[in-house]
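Chemist: sequence and predicted model, in that order:
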Amino acid sequence: MWTWDDVDKYGLYGLTKQYPHLVQFLESIEGLHGKPMMSYCYFMFQRIVEMHRVLKPTGSIYLHCDPTASHYLKLVMDSVFGQKNFLNEIVWGYRTGGASKKWFGRKHDIILSYSVKIRSHIFNLMKERSYCSNNQPPGFKGVEKWKDEFGRWYTMASMRDVWEIDAIGRSSSERTGYPTQKPLELLRRIIKASSNEGDLVLDPFCGCATTCVAAEELGRKWIGIDVSEKAGELVMDRLHNIGLIHNLPAITNIVPTLANPVSKGKAKPILYAEQNGRCNHCGESEALDKRAYWHVDHIVPKKRGGQDQMSNYQLLCMGCNNRKSSMPDEWARAELQRVRDLVARNTFSRAS
């Protein structure tokens, strides 16, 4: 289940200023669908903004989601990419086990497709079989027609936005055991339609590397990203097993460390002297020996790469430290100013 801890609160401040109406909408989701759904939409919102930033004008983005959240994510995509850059809502239909006696079988997912700049994106028109009515050959002149192995007449028409592609079954030769694995045919179709040989394909949630494998097969460059270490292993194993990569690079986990970290206890009196005994945010002063009052704060939080060094430390009073928490420093200062302005307005109103 998604929680608020999955959201990058450090980077949320800038997006709140850039997309104020979208943020208001996302906050309303908590009342409509609960906090887990709101947290998931915020999580996706932050990553969709980054995808928009790195996507070339000739590129397209395909966002796969199930019907539980597709309607929320479409509004996020409209806000970030622009409604005019919407290309398709693709319905991926499949047949898998399981059914209910209380509703129709839920056997489709949604794939939202957008461009950065409409009509600048690459699109390679694809064809599919279109079977003729009453199994009669078409009467139009100049239309090519064929018969399939069962004797049924068909023509080749432009591909629709409803795709029937089998999901990964238990007996499928593609199966890796990864829970959200997509079929290669689905990714091949997307990559063929929206890129050319030599282009770069990015999958920021690459999972078991289906996008990477399909891109490699089709002569595209690719980048796969996933938070799971298991995903990294599957990428290398799948590409090696099908003979696409022979010389596997070594996987290393090198975390830079600070040679001479400075403890908060050692930093506190130094910061107190540098800040003239005042909180670096609100400017209030107090004696240094009041330990509960003073807190050494990381300007850039450690989970954002901030380190234990003097240049990344500041001394805050208890109130300012609690207000800032793990949020950006500029957000905490802006929030302090907002509170001050609110107090000033209320004071002026009472005086009047």
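Modeler: Right, received. Where do you want to start?
Chemist: what number of residues lie near Asp199?
Modeler: Using other C-beta atoms under 10 Å, the number of residues around Asp199 comes to 18. From N, CA and C alone the C-beta is placed, and that goes for glycine too.
Chemist: for Lys192, see how far away the nearest residue to it once chain neighbours are set aside is.
Modeler: Excluding its sequence neighbours, the residue lying closest to Asp199 (C-beta to C-beta, 6 or more residues apart in numbering) is Arg220, at 5.4 Å. According to C-beta to C-beta, to the nearest Å, Arg220 and Lys192 sit 10 Å apart.
Chemist: who has more neighbours, the two?
Modeler: Each of Arg220 and Lys192 has its neighbours counted (other C-beta under 10 Å); Arg220 has more, 19 against 14.
Chemist: which residues does the more buried one contact?
Modeler: Taking C-beta atoms under 8 Å, 6 or more residues apart in numbering as the criterion, Arg220 is in contact with Ile191, Ser195, Glu197, Gly198, Asp199, Leu200, Val201.
Chemist: low-confidence bits of the stretch 151-300 of the chain, can you list those?
Modeler: Across the stretch 151-300 of the chain, the ranges flagged by pLDDT under 70 are 244-259.
Chemist: rerun that using 50 as the cut-off
Modeler: Applying pLDDT under 50 to the stretch 151-300 of the chain flags residues 254.
Chemist: show me which residues of stretch 202-214 are buried.
Modeler: Leu202, Asp203, Phe205, Cys206, Gly207, Cys208, Ala209, Thr210, Thr211, Cys212, Val213, Ala214 (16 or more other C-beta atoms under 10 Å).
Chemist: equivalent analysis for stretch 263-272, please.
Modeler: Neighbour-count burial for stretch 263-272, counted by 16+ other C-beta under 10 Å, picks out Ala267, Lys268, Leu271, Tyr272.
Chemist: could you identify the most distant pair in the buried residues of stretch 202-214?
Modeler: Taking C-beta to C-beta as the measure, those span a maximum distance of 16.4 Å, between Leu202 and Cys208.
Chemist: ok, the nearest residue to Asp308 once chain neighbours are set aside to Tyr313 distance?
Modeler: Spatially, and ignoring its direct neighbours in sequence, Asp308 is nearest to Pro261 (3.9 Å; C-beta to C-beta, 6+ apart). Distance of Pro261 to Tyr313, given as C-beta to C-beta: 11 Å.
Chemist: pick out whichever of the two has more residues nearby.
Modeler: Shown here are Pro261 and Tyr313; by other C-beta under 10 Å, Tyr313 has more neighbours (21 against 10).
Chemist: what's the more buried one sitting at in phi/psi?
Modeler: phi -110, psi 150 (degrees, to the nearest 10).
Chemist: and the pLDDT at it?
Modeler: Each residue has a pLDDT score; the one for Tyr313 is 92.
Chemist: the residue nearest to Asp308 in helix, strand or coil?
Modeler: coil (DSSP: H, G, I helix; E, B strand; the rest coil).
Chemist: which residues touch it?
Modeler: With contacts defined as C-beta under 8 Å, 6+ apart, Pro261 is in contact with Gln307, Asp308, Gln309.
Chemist: among these, which ones are buried?
Modeler: Asp308.
Chemist: which among the contacts of Pro261 gets closest to His295?
Modeler: Minimum distance to His295 across the contacts of Pro261 is 14.5 Å, recorded for Asp308 (C-beta to C-beta).
Chemist: sticking with that closest one, tell me its helix or strand.
Modeler: Using DSSP states H and E, Asp308 is not contained in any helix or strand.
Chemist: tell me if I'm right that it and Asn260 touch.
Modeler: No: in this structure Asp308 lies outside contact range of Asn260 using C-beta atoms under 8 Å: 9.4 Å.
Chemist: ends of stretch 200-211, what's the gap?
Modeler: Distance between the two ends of stretch 200-211: 12 Å, counting by C-alpha to C-alpha, to the nearest Å.
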